[in-house]
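In: What follows is a predicted protein model with its sequence.
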Amino acid sequence: MVVFPNGKINLGLYITGKRPDGYHNLETVFLPVPIRDALEILPLKDGTEDVFTLTGLPVEGDTTGNLCLKAVRLIREHHPSIPFLRIHLHKVIPMGAGLGGGSADGAFTLSLLNKLFRIGLTADQLKAYALQLGSDCPFFIDNVPSYAEGRGELLAPVQIDLSSFTLVLVNPRIHVSTALAFAGITPSPAPVRLQEIIAQPVRTWKDQLHNDFEDHVFEKFPEIAAVKAQLYQAGATYAAMSGTGSTVFGLFESAPELKMPENYLVLQMKLS
């Protein structure tokens, strides 16, 4: 069975407090975007362990720590009848890019196992498993535009229509680690009510909708700051860094003509 885990962008991202468990509380709006990996899972008829293969963009680190395999181990702890599996992941979403690719892969693995083996887990149960994989993994279970609080697991659907805009994603092929991004954060209450801001016309967002990670990440990687500036110069109605970076997105009223370095990943798409 094959599924296609999609990415996300953040509309506003505020780190509002440090938690006793070592994580941070946040406020953001997650928006699914149509850039997709491909994930195939098949039962192995014979074998003594799961077989995991990877193609496409490179993934740093040992594959045993991949979130797809972590998701399988997590589900199998409570459902040991799940057989050994052949898992193939084709990476299109860059790692360390703020697009949630790894989180999507892990969450889609949970949902696929639930369907493939008829486990019967509810969406809330899947989200509880997903939270054990990562803070933004629960979002990908329902995979709809959502206002998020807590670690990112307290989700409420939001109505947002950006279908008249062209979305441009620009990734300068820089990996921004989550640890580096958080190193520059001083938590503070969100200065705006996100639900109210995103209900306003997009042209009002520029001075109101902010990503707390931008200042620190832009200081460390001026190339990322330059991408945001170029998007505004090209006519973006709104532009921001997604997540902890390094992807910057722009919303345009018409498809722009962009001149970016050849090695940058540049994608234009419409949002449904």
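Out: Alright, I've got the coordinates.

In: Residue 153 contacts residue 138, doesn't it?
Out: Yes - counting by CB atoms under 8 Å, residue 153 touches residue 138, with 4.5 Å between them. C-beta: built from backbone N, CA, C; applies to glycine.

In: More neighbours: those two, which one.
Out: Comparing residue 153 with residue 138 by other CB atoms under 10 Å, the one with more neighbours is residue 138, at 30 against 17.

In: tell me the domain ranges of this protein?
Out: Domain assignment for the chain by automatic domain parsing gives 2-157, 166-270.

In: now those in a markdown table, with mean pLDDT?
Out: Supplementary listing: these in a markdown table, determined by pLDDT from 0 to 100:
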| stretch | mean pLDDT |
| --- | --- |
| domain 2-157 | 95 |
| domain 166-270 | 94 |
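
In: returning to that earlier point: hey, what's in contact with both of residue 153 and residue 138?
Out: Jointly contacting residue 153 and residue 138 under the rule CB atoms under 8 Å, 6 or more residues apart in numbering are 127, 130-131.

In: Who wins on neighbours among these?
Out: For the shared contacts of residue 153 and residue 138, counting by other CB under 10 Å, the largest number of neighbours falls to residue 130: 29 neighbours.

In: isn't there a strand covering that one?
Out: No - counting by DSSP: H, G, I helix; E, B strand; the rest coil, one finds residue 130 to be helix, located in no strand.

In: Test my guess that it contacts residue 140.
Out: Yes - using CB under 8 Å, residue 130 is in contact with residue 140, at 7.1 Å.

In: got any residues that touch both of those two?
Out: Common neighbours of residue 130 and residue 140 (CB under 8 Å, 6+ apart) are residue 107.

In: Check which helix or strand residue 227 maps to.
Out: Secondary structure assigned from DSSP states H and E places residue 227 in helix 222-233.

In: Could you identify the helix or strand that succeeds that helix?
Out: Assignment by DSSP H and E places the next element after helix 222-233 at strand 238-241.
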